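In: Below: sequence and its predicted model.
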Amino acid sequence: MFDTKTVSLEWGGKTLTLETGRIARQADGAVLATYGETVVLCAVTAAKSVKEGQDFFPLTVHYQEKFSSAGRIPGGFFKRERGATEKETLTSRLIDRPVRPLFPEGFYNEINVIAQVFSYDGECEPDVLAMIAASAALTISGVPFMGPIGACRVGFANGEYILNPKQTTALAEDGRLDLVVAATHDAVMMVESEAKELTEDEMLGAVAFAHDSIRPVVKAIIDLAEQAAKEPWEVASQDGNDDMKSAIKAMIGDDIAAAYKLTDKSARSDALNAAREKVKAHYASEEFDGQQRMTAIKLTKKIEADIVRGAILKDGTRIDGRKLDQVRPIEAIVGVLPRAHGSSLFTRGETQALCSTTLGTKDSEQMIDGLEGLSYERFMLHYNFPPYSVGEVGRFGAPSRRDTGHGKLAWRALHNVLPSHDDFPYTIRVLSDITESNGSSSMATVCGGCLSMMDAGVPIERPVSGIAMGLILEGDDFAVLSDILGDEDHLGDMDFKVAGTEAGITTMQMDIKVAGITQEIMGKALEQAKAGRTHILGEMQKALGTARTEVSKHAPRIETIQIDKSKIRDVIGTGGKVIREIVAETGAKVDIDDEGVIKISSSDSDQIEAAKKWILGIVEEPEVGKIYEGKVVNIVDFGAFVNFMGGKDGLVHVSEMKNERVEKPTDVVSEGQEVKVKVLEIDQRGKVRLSMRVVDQETGEELEDTRPPREPRGDRGPRSDRGGDRRGGRGGDRGGRGPRRDRSDRDGGNGGGDNHVPDFLKD
C-alpha cells in the first residue's frame, strides 16, 4: 500500500531519519523527520498556475506545535491549538528566510509549506528539525527549489562548540551561545543567534562549525531525493528581454541615476516614482499586453539595482554619499516621556525609535504556555511599525510577523546584559515605536531600548548598540556596507545585523538573497560591524553613560526580605487570609515564594514600610521585657487577649491592667483598642503573658513596678512540702488543704475569679 523511502544518519549523537511515501501522499512533497523521539511532518503544496497579474513570489510557511506531542492539553477556554504563538511565528520565519532566495527569479506560483510537530521528547528541538523537513519536502516536490539546505543549532561552553544543545539550556550556566544556522552544501544562507558577549572570532568559528555539521544532512536529503523526487517542473526562461531592458534604460537610466544622488529619502522617492511612471505610461498602450507591462515593471527594478550596485562597486559611492563604513549622524535623547519609568528617542539618519521602559512586579510577568509546560518571562520587548513611519497609508493594528521577528531580535540583543532577578526584582517591558524608518529599525530599537532601560534605572552590565550591514556581490567583487539604507537593503544581497557591547556580540542575524556567502565575506562584515557598534556606543554615551542609580518616582518600589521557610504559612495564613489582609490594609503588593523570599512593592514607600513592619511582626519572636504596640482582639472574664507584632497573641491578665484592683476587664479596655504592653513571660509552649500596668499608655515608656516581686518558683521547696497554703493569698482564702493525698475537703473560696486563670498563668 505504501511506497516508503527512508534515509537515516547518526548526527550529534542521535539518529536523524527522513521518510516519505507513507503520510500525506496527496501533497506535492511530504517528509516525516524524526530526531530522537521528536517527530515533525512537513507537507508542501504548490499551485500549478500563476494568478493573473501576479508579480511576486507568494511563499507561505506555517509552523505549528501540537500540545499532544508533549502529552499536554492546551490551556485556555477552548482547550485546542489556536492562533500562532510567538515561537511558532518566529520558527515560520526561520524556515522561510533561507528557502525563499533559492527559488528562481520570476517564479510566481503560490507555494504552501506546513510543518507540524507531532512528537516532542523534551530534548531534540523541533524548530531545527522542521527546517530540515521543509527543505527535504521542497526538494522532492518537483518545484524549482535550488536547494537543499540543512540546519542545526550550536552552543558554546567552556571553549567548545556543541551540536544541537537543548534550546532552554544553551545559554544556561556555562553556556554562552544559542545559534541557529541554515546552509546549502557550499554556503551559509541564514544565521540567527543570542549570545553572552562572544568575540567576532568565536562567533565566526561557531558559524563554520555549524556549516560543517550541516553538510551530512544536506547529503541525506539528496539521497532521499534520488529515491523519491518527482519530475522537476519546467520553468519559463527569463532570457529574451534584453531589448526591452535596453529600451527602458535609454528611456529612464539618467533619471534613475540622478534620483539616487538625492540624499533626502522623500525627494529620492518622488524622483524614482516619476521615472517609473514614465515607463508605465509608455507600456500602457494597446500595443503591449499585460505580460509585457509586468515584465517592464520588473526590468525597471533591475535597472535601478544595476545602477546602485555598479556605483558602489566601481566608485565606492553610496546612495546618500557616505563612505562604505560610515554611520549616519546619530542623536540620542533620554527622559523624553515624563510619566514613563524610562524613555529615549534614538535617531540615526532617517530612522527613529521612540522607546519606553516600564517596570512592574512579579504579577506582571508574561505567562507562556508551550510544549514544555508553563513558564514565566520577566523581560518583554515589543516592537511596532506604524505606516506613517515610511510616509505611507497602510494597515494599522495587531503586530505582523515582521514586527514579531524584529522585536525578538532586539530582545535577544538586550536579554543577556540584564541584572539577575535577585539583584533587580522587577518585571521589565520595553516598548519600541518606530516613528521614522529608512534603514534598520530593529537595530535602532536595540540602541533606544538600551537607553530607555538605563534611564529607568535598570542596572545593565554594559550598554548595547546594534548596526545593520549590507553586501553588494558581483562575481568575485564585493563591498560591505555599514548602516544600510532601506534602498540598499532592498537592492543589495545581504541584511546582516549585529548587536553587542564593547566586550562582545549579544546577537547576530543574517539573511541573504544570493546562493550563500563565504567565510571571508562574513569575517569582513563582522570586523566592520564592530567598528560601527563602537562608534554608536560612543554617541549613546553622550546621552547617558551609565544606568541611573534610582528608579523613577513613578515606578513601583520593591523591597525584598528573607524569612525562615517555617514561617511562610504564618505570613500567608489559612486560605491566604493573613496576606490578603496585609495587602488590603497597607495597599502594597506582597509576593512570597517557596524559599521564603518576600517581595513588597508599591510606589508609596510608606505602604512598603507598613507591610514590611507587619510581616516582620509575624515572623519575629517576641522578647521578654520588650514593649510592643498591640490591639485588643478578645475580652474574657479574667483579662484581655492582645494581638501584637502583627500576628502574635498574648494575655493581659486583669491583675496586669492597672496597679489598682480591676473588677472587670471591660472597665479598662474594649475590643479594637490600641494598647501598649510589655512581655512578662513566654512559657515553653510559646504562650505569652503581657502587662499594661507597667507601661505608660500615652508615651509607651516603661513605668516603675511598685508591686512587691513575686516569689520565685525555685524557692518553694519540694512539691511534697507545699501543704495547704498552695493557692492562698491570691485573692481569697482557700483554706489549707494539706498534702495532695489528704485533700478531701475543698471548702476554700473562689479567690476572686481565679478559677478562670489559664493554666500557664497559674502559680
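Out: Looks like it came in fine.

In: CA only for contacts and neighbour counts going forward, please
Out: Fine.

In: which residues does Ile428 bridge with?
Out: Beta bridges link Ile428 to Leu359, Phe379, judged by DSSP bridges.

In: Make residue 1 into 26 and carry on from there
Out: Sure, I'll start counting at 26 from here, so that last one is Ile453.

In: doesn't Lys387 make contact with it?
Out: No. Between Ile453 and Lys387 no contact is recorded; they are 9.8 Å apart, counting by CA atoms under 8 Å.

In: who has more neighbours, the two?
Out: For Ile453 and Lys387, the more surrounded residue by other CA atoms under 10 Å is Ile453, and the numbers stand at 24 against 18.

In: any idea how far Asp350 is from that one?
Out: Ile453 sits 34 Å away from Asp350, going by CA to CA, to the nearest Å.

In: So Thr69 belongs to a strand, correct?
Out: No Thr there; residue 69 is Val. Yes. With the criterion set as DSSP: H, G, I helix; E, B strand; the rest coil, the secondary structure at Val69 is a strand.

In: Test my guess that it contacts Ala52.
Out: Yes. With the criterion set as CA under 8 Å, Val69 and Ala52 qualify as a contacting pair; they are 6.0 Å apart.

In: higher neighbour count, those two?
Out: Using other CA under 10 Å, the more surrounded residue of Val69 and Ala52 is Val69, with 26 against 15.

In: Residues in a beta bridge with that one, which ones?
Out: Beta-bridge partners for Val69, by DSSP bridges, are Gly54, Val138.

In: mind listing what it touches?
Out: With contact set as CA atoms under 8 Å, 6 or more residues apart in numbering, Val69 has these partners: 52-55, 136-139, 159, 162-163, 166.

In: How about Lys689?
Out: Taking CA under 8 Å, 6+ apart as the test, what Lys689 contacts is 662-664, 679.

In: change it to 6 Å
Out: Lys689 makes no contacts at all, as judged by CA atoms under 6 Å, 6 or more residues apart in numbering.

In: any idea how far it lies from Met682?
Out: Taking CA to CA as the measure, Lys689 falls 10 Å from Met682.

In: And for Gln709?
Out: To Met682, Gln709 is 24 Å away according to CA to CA.

In: try Leu229
Out: When distance is defined by CA to CA, Leu229 is 81 Å away from Met682.

In: I'd like to know which of the contacts of Val69 is nearest to Gly725.
Out: Ile139 (75.6 Å; CA to CA).

In: Can you give me every residue that contacts the closest one?
Out: Contacts for Ile139 (CA under 6 Å, 6+ apart) come out as 67-68, 86-88.

In: same check, this time on Lys221
Out: Shown here is Lys221, whose contacts under the criterion CA under 6 Å, 6+ apart are 201, 441, 531.

In: Pull the contacting residues for the last one.
Out: Going back to what we said before, that points to Thr531. Under the criterion of CA under 6 Å, 6+ apart, the contact partners of Thr531 comprise 219-222, 438, 524-525.

In: Widest-spaced pair of those?
Out: Using CA to CA, the pair of these lying farthest apart is Lys221 and Ala524, separated by 11.2 Å.

In: now the helices for the stretch 76-225 of the chain?
Out: When secondary structure is read from DSSP state H, counting those that start in this stretch, the stretch 76-225 of the chain shows helices at 111-124, 151-166, 225-253.

In: The chain now?
Out: Ranges of helices within the chain are 111-124, 151-166, 225-253, 267-284, 290-307, 315-340, 426-440, 466-480, 511-516, 544-568, 593-597, 602-611, 630-644, based on DSSP state H.

In: out of the ones you listed, deepest packed?
Out: helix 466-480 (a mean of 30; mean count of other CA atoms under 10 Å).

In: Mind giving me the packing neighbours of it?
Out: When contacts are defined as 3 or more CA pairs under 6 Å, 6 or more residues apart in numbering; DSSP states H and E, helix 466-480 packs onto strand 367-373, strand 376-385, strand 490-499.

In: about what we covered before: okay, Gln709 and Met682: which has more neighbours?
Out: In this comparison of Gln709 against Met682, neighbours counted by other CA under 10 Å, the higher total goes to Met682 at 22 against 8.

In: residues contacting that one?
Out: Each residue near Met682 by CA under 6 Å, 6+ apart is listed here: 717-718.

In: and the helices of the stretch 76-225 of the chain as a markdown table, adding distance to Ala556?
Out: Output for the helices of the stretch 76-225 of the chain, formatted as a markdown table (distance: least, CA to CA, whole Å):
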| stretch | distance to Ala556 |
| --- | --- |
| helix 111-124 | 27 |
| helix 151-166 | 32 |
| helix 225-253 | 12 |
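
In: want to throw those into a markdown table with mean pLDDT and distance to Tyr145?
Out: Converted to a markdown table, the helices of the stretch 76-225 of the chain look like this (pLDDT from 0 to 100; distance: least, CA to CA, whole Å):
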| stretch | mean pLDDT | distance to Tyr145 |
| --- | --- | --- |
| helix 111-124 | 96 | 15 |
| helix 151-166 | 98 | 7 |
| helix 225-253 | 96 | 20 |
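
In: Minimum distance to Thr585: which of these has it?
Out: helix 111-124 (32.2 Å).

In: so how far is the closest one from its chain's centroid?
Out: From the chain centre to the centre of helix 111-124 is a distance of 18 Å (CA atoms, centre = their mean, to the nearest Å).

In: Run through the neighbouring helices and strands of it.
Out: In terms of contacts (3+ CA pairs under 6 Å, 6+ apart), helix 111-124 is packed against strand 84-90.

In: about what we covered before: and the contacts of Ile139, which is closest to Arg293?
Out: Val86 (34.2 Å).

In: Adding pLDDT, write the contacts of Thr531 out as TSV.
Out: As requested, those are arranged in TSV below (pLDDT from 0 to 100):
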residue	pLDDT
Glu219	96
Ala220	96
Lys221	95
Glu222	95
Ala438	97
Ala524	97
Gly525	97
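
In: Of these, keep whichever come out buried.
Out: 219-222, 438, 524-525 (16 or more other CA atoms under 10 Å).

In: Now intersect these with the strands, please.
Out: Applying DSSP state E to these, the entries found in strands are 219-222, 524-525.

In: Closest one to Glu726 out of these, please.
Out: The nearest member of those to Glu726, counting by CA to CA, is Lys221 at 58.6 Å.

In: how near is that closest one to Leu439?
Out: From Lys221 across to Leu439, the span is 10 Å (CA to CA).

In: Also Thr45?
Out: Per CA to CA, Thr45 is found 42 Å from Leu439.

In: how about the strands in the stretch 626-775 of the chain?
Out: For the stretch 626-775 of the chain, the strands identified by DSSP state E, counting those that start in this stretch occupy 652-661, 664-669, 673-678, 699-707, 713-716, in order along the chain.

In: would you turn the ones you listed into TSV with mean pLDDT, mean neighbour count and distance to Ser577?
Out: What follows is the strands of the stretch 626-775 of the chain, written out as TSV (pLDDT from 0 to 100; neighbours: other CA atoms under 10 Å; distance: least, CA to CA, whole Å):
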stretch	mean pLDDT	mean neighbour count	distance to Ser577
strand 652-661	92	18	34
strand 664-669	92	24	35
strand 673-678	90	22	37
strand 699-707	92	21	37
strand 713-716	92	24	44
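
In: Select, out of the ones you listed, the one closest to Tyr60.
Out: Shortest separation from Tyr60 across those is recorded for strand 673-678, at 59.4 Å, computed as CA to CA.
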